[in-house]
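S.K.: task: produce atomic coordinates for the following.
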Amino acid sequence: MGRRSVVPSNRLSPEQARRAVIRHFSHLTSTGGANMAMVEAQRAEQSMVQLLVGFALDPSGDLPPTLRAKCAMDVISIARGAIRDWQHTGETIDPSATRTDGVDGTVADALEAAQASADVSAELDMLVAKRVPPEQWPAHVRAVVGDALSYFSERPDV
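M.R.: Numbering: from 1, shown residues only. Predicted coordinates:
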């Protein structure tokens, strides 16, 4: 007895397969009043964001900088929303101008104070992340932290 080449009767034509996929996808997206494709996508979204972060940080350095920058912008957009244009009048800021927020000083003073605050905040963040005991923090950081220092002293796990 020889083998016969018989086409199975349950084989679908390309058009029938396309319709079956459409029916199946339609069923997935309307089952129980929930869009099941959306549910599955939401289950995977955290992993996808982690993948984008991994591409952006790329420790191997093998990915092109343009792809890394695109991934970084995608992560920022996911975290904070789309970046909008800054609406301004186009005027140049005069650093020697008087502040308009009711505080004495110039715009340059406000900018310097903001930069100093950001620097101390970053230094405090680094000290806490490295679990440096508060008694070993620099005096200027301890002075800025003030009353909150007792919180850090009482919580060695922070």
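S.K.: for this protein, what spans make up the helices?
M.R.: For the chain, the helices defined by DSSP state H occupy 14-30, 36-57, 65-80, 107-129, 139-145, 149-154.
S.K.: want to throw the ones you listed into JSON lines with mean pLDDT, mean neighbour count and distance to residue 86?
M.R.: All C-beta spots, glycine's among them, are computed from the backbone N, C-alpha and C. Formatted as JSON lines, the helices of the chain follow (pLDDT from 0 to 100; neighbours: other C-beta atoms under 10 Å; distance: least, C-beta to C-beta, whole Å):
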{"stretch": "helix 14-30", "mean pLDDT": "80", "mean neighbour count": "11", "distance to residue 86": "39"}
{"stretch": "helix 36-57", "mean pLDDT": "90", "mean neighbour count": "12", "distance to residue 86": "23"}
{"stretch": "helix 65-80", "mean pLDDT": "92", "mean neighbour count": "13", "distance to residue 86": "14"}
{"stretch": "helix 107-129", "mean pLDDT": "90", "mean neighbour count": "13", "distance to residue 86": "16"}
{"stretch": "helix 139-145", "mean pLDDT": "87", "mean neighbour count": "14", "distance to residue 86": "30"}
{"stretch": "helix 149-154", "mean pLDDT": "72", "mean neighbour count": "13", "distance to residue 86": "36"}
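S.K.: what's the closest of those helices to residue 97?
M.R.: Evaluated with C-beta to C-beta, those place helix 107-129 nearest to residue 97, the distance being 5.0 Å.
S.K.: mind giving me the domain split of this structure?
M.R.: Structural domains annotated on the chain: 14-82, 94-158, as defined by automatic domain parsing.
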